[in-house]
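Engineer: Quick one, what's the 3D model for this:
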Amino acid sequence: MAAVEGLTKIPELRRRILFTIGMLAVYRIGCQIPVPGVNVDSLSRFFSNNSNTLFGMLNTFSGHALENASIFALGIMPYISASIIFQLLTSVWPHLTALSKEGEMGRRKINQYTRYATVVLALFQGYAISRTLLSSSEGFVLPGVHFTLLATVTLAAGTSFIMWLGEQITDRGIGNGISLIIFSGIAAGIPVSAQHTFQMVRDDQLSPLLFVLLLALMVVIVGVIIFLEQGQRRLPIQYAKRQVGRRLYGGQSAHLPLKINTSGVIPPIFASSLLMAPLTLIAIIGENQYLNHIRDALQPGGTLYYIFYVGLIVFFCFFYTAIVFNPTDVAENLKKFGGYIPGIRPGKNTADYIDRVLSRITVGGALYIASVCLLPDFFMRQFKVSFFFGGTTLLILVGVALDTVAQIQTFLLTRDYEGFMKNAKLRGRRG
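Structural biologist: All right, here's what the predicted structure looks like:
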């Protein structure tokens, strides 16, 4: 309700939301523009028969632009892959580590490197897709000697434009631009998938009872995601009393909130991005007996796929949490302002205690994310049904929606606080 009232009463928030919607509309329009020289109908039939493969997963994250052979067919995945690379390098490369500590200027420099890497990866993946289309016997590509060069440049340019759109949404809109682009792509496929599922029920290909049970499972999973995404462990904080002049400050009690899932929807997105890398390499190197075995083993539903997927999710849960939350910095800030955790000495002991608690919470968060991402897919494959929601897409949809709503609420609170301080100053001058 607060967000609705803010939309009608606060011009800046209204402009930000409308700007975000406009940029997402531009993205969706671009997803319908095909690359010249591609047989779109033939490609769409291929993806309808291979929705449960890694190609289908890539198609989902690209907002179904891949099945349309769109100029945005690569989606935002090259940017995500580049971000993974530079976040890993920041932890081990002294030059990037030093840049990350230089504040806003250093972050801008790293972001610039990430953009360059995105273009390189987009050219690499665009070439792989064009090679795959050319070598296919399905008649995806119409005859043309310059198709590979044209498709590679077009797809790389499309990804670069999407990256720019995401940055514009983050800076001038509301919410995280990259996450919202992925969100809009997944959400755009819901009506078509739902229609397909209802058609299966009408054609007796899917039992109505099983459909209701899967729908109930989806509702339960959404409830679990909302509950756990907002869950947190609150560490009690006590501030010591201190006297400044004639006034006494401190003595208040507060808490330090530690989220169960600090990393948000990043782990499944990063894990999916890395699992798509073998397809790109195989497409460029060329198929052979051994590479085909690797490709088949990493298809969704296989044992090796589940092992790698869970392992990557757990890794990125801990890795991303370590990036966004530094217990040592938190402990130093508490000590600086006279805060402490009851029963724990300030300084290193506090940092170790926070790190220990956060590690235990992250274990539970990683298991929760892995379960949400895998269990629905496992049940759907077990019952051999094609349903319009998987665990990964559910987590992304709900997680991004919650994060966007939280940012809108933060914007409203910040504006109210600034207005309160301005009115207080005016009253002080009048007094």
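Engineer: Surely Gly264 and Ile396 touch.
Structural biologist: No: the pair Gly264 / Ile396 is not scored as a contact, 9.5 Å apart, by CB atoms under 8 Å. In short, each C-beta sits where N, CA and C put it, glycine included.
Engineer: quick one, phi/psi of Gly339?
Structural biologist: Main-chain dihedrals, Gly339, degrees, to the nearest 10: phi -100, psi 150.
Engineer: my read: it touches His255, true?
Structural biologist: No: contact criterion CB under 8 Å: Gly339 and His255 do not qualify, at 10.7 Å.
Engineer: Need the overlap of contacts for the two.
Structural biologist: Counting by CB atoms under 8 Å, 6 or more residues apart in numbering, the residues touching both Gly339 and His255 are Ile237.
Engineer: Which residue of these two possesses the greater neighbour count?
Structural biologist: The residue with more neighbours, out of Gly339 and His255, is Gly339; 20 against 12, by other CB atoms under 10 Å.
Engineer: mind checking pLDDT for the closest residue to Ala297 other than its chain neighbours?
Structural biologist: Nearest residue to Ala297 in three dimensions, chain neighbours excluded: Leu304, at 4.4 Å (CB to CB, 6 or more residues apart in numbering). Note on Leu304: pLDDT of 81.
Engineer: Can you verify my assumption that Leu304 contacts His293?
Structural biologist: No: checked against CB under 8 Å, the pair Leu304 and His293 is beyond contact range at 10.2 Å.
Engineer: which residues of the stretch 251-400 of the chain fall in strands?
Structural biologist: With strands called from DSSP state E, counting those that start in this stretch, the stretch 251-400 of the chain shows them at 253-259, 339-340.
Engineer: Tell me the strands beside the first one, with direction?
Structural biologist: Taking DSSP bridges as the criterion, strand 253-259 sits next to strand 232-239 (antiparallel) in its sheet.
Engineer: Show residues contacting the strand it pairs with.
Structural biologist: With contact meaning CB under 8 Å, 6+ apart, strand 232-239 is reached by 250-260, 334, 337-342, 354, 357, 361.
Engineer: Just the buried positions in it, please.
Structural biologist: Buried residues in strand 232-239, counted by 16 or more other CB atoms under 10 Å: 232, 235, 237-239.
Engineer: Check stretch 327-335 too.
Structural biologist: By 16+ other CB under 10 Å, the buried positions in stretch 327-335 come out as 327, 330-332, 334-335.
Engineer: Residue ranges in the stretch 101-250 of the chain under the pLDDT threshold?
Structural biologist: 133-145, 241-250 (pLDDT under 70).
Engineer: Name the helix or strand for Thr170, please.
Structural biologist: For Thr170, the element it lies in under DSSP states H and E is helix 147-172.
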